[in-house]
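J.: here you go, sequence then predicted model.
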Amino acid sequence: MKIANRDARAYVQKQHPFDGSNLYGSWFCVNPSSIDSGDNGYVVCSYGPHWPLFIYVNDTWFENSESHSRSTTRHRSQTHPHCPTVLLTKTQMLQLYRGGYKALAKARILGTTLSKPREQRDPSWLSAHGM
């Protein structure tokens, strides 16, 4: 449903699909064989699937901690679900979006990411998150 961006938060809070101006929210299904697998969720993206702002999986909201432009910052403020979120990097958000909750958990346990080898990760993020 096409909506004004200023009205998007109500859709996000209810995890309803919407289509705004360079902003959308939709359900995604990484693993169609299992609805309860933790691989399916709701995503809010700014300017396409390459920039997820928020992801809702397993009763948890995840938020992209990185900023790209004034317009994506505005999109974030217009769509924030106004509840606690877990901050992730853009790479981790993409990992969650493309591979599901289990893929993100596995990567965090094994110390890997989608695009960077282990030795290139930022160790401050791990220590800040008790890893």
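T.: Arrived safely.
J.: pull up the gap between Leu94 and Arg6, please.
T.: Separation of Leu94 from Arg6 (C-beta to C-beta, to the nearest Å): 27 Å. (Glycine included, C-beta is placed from N, CA and C.)
J.: quick one, which of these two is more surrounded?
T.: Neighbour count, other C-beta atoms under 10 Å: between Leu94 and Arg6, Leu94 has more, with 21 against 9.
J.: please enumerate the helices of the protein.
T.: 8-13, 70-79, 90-110, 123-128 (DSSP state H).
J.: now this protein, which segments are flagged as low pLDDT?
T.: The model of the chain has pLDDT under 70 over residues 31-39, 112-131.
J.: switch to 90 and redo it
T.: Scanning the chain for pLDDT under 90 picks out 1, 28-41, 48, 57-58, 67-69, 71-72, 91, 95-131.
J.: returning to what we had before: and the helices of the chain as CSV, adding distance to Pro49?
T.: Shown next, in CSV, are the helices of the chain (distance: least, C-beta to C-beta, whole Å):
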stretch, distance to Pro49
helix 8-13, 16
helix 70-79, 14
helix 90-110, 7
helix 123-128, 23
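J.: for Gly20, find the nearest of those helices.
T.: Gly20 lies closest to helix 8-13 among the helices of the chain, at 5.3 Å (C-beta to C-beta).
J.: check what contacts that closest one and list those residues.
T.: With C-beta atoms under 8 Å, 6 or more residues apart in numbering as the test, helix 8-13 has contacts from 3, 17-18, 20, 23, 25, 44, 54, 78-83.
J.: counting neighbours, what do you get for Asn58?
T.: So Asn58, with other C-beta under 10 Å, has 14 neighbours.
J.: and what of Phe54?
T.: When neighbours are counted by other C-beta under 10 Å, Phe54 comes out with 22.
J.: is it correct that it is in contact with Asn64?
T.: Yes. Judged on C-beta atoms under 8 Å, Phe54 makes contact with Asn64 at a distance of 7.3 Å.
J.: quick one, what contacts Thr72?
T.: Ser46, Tyr47, Trp51, Leu53.
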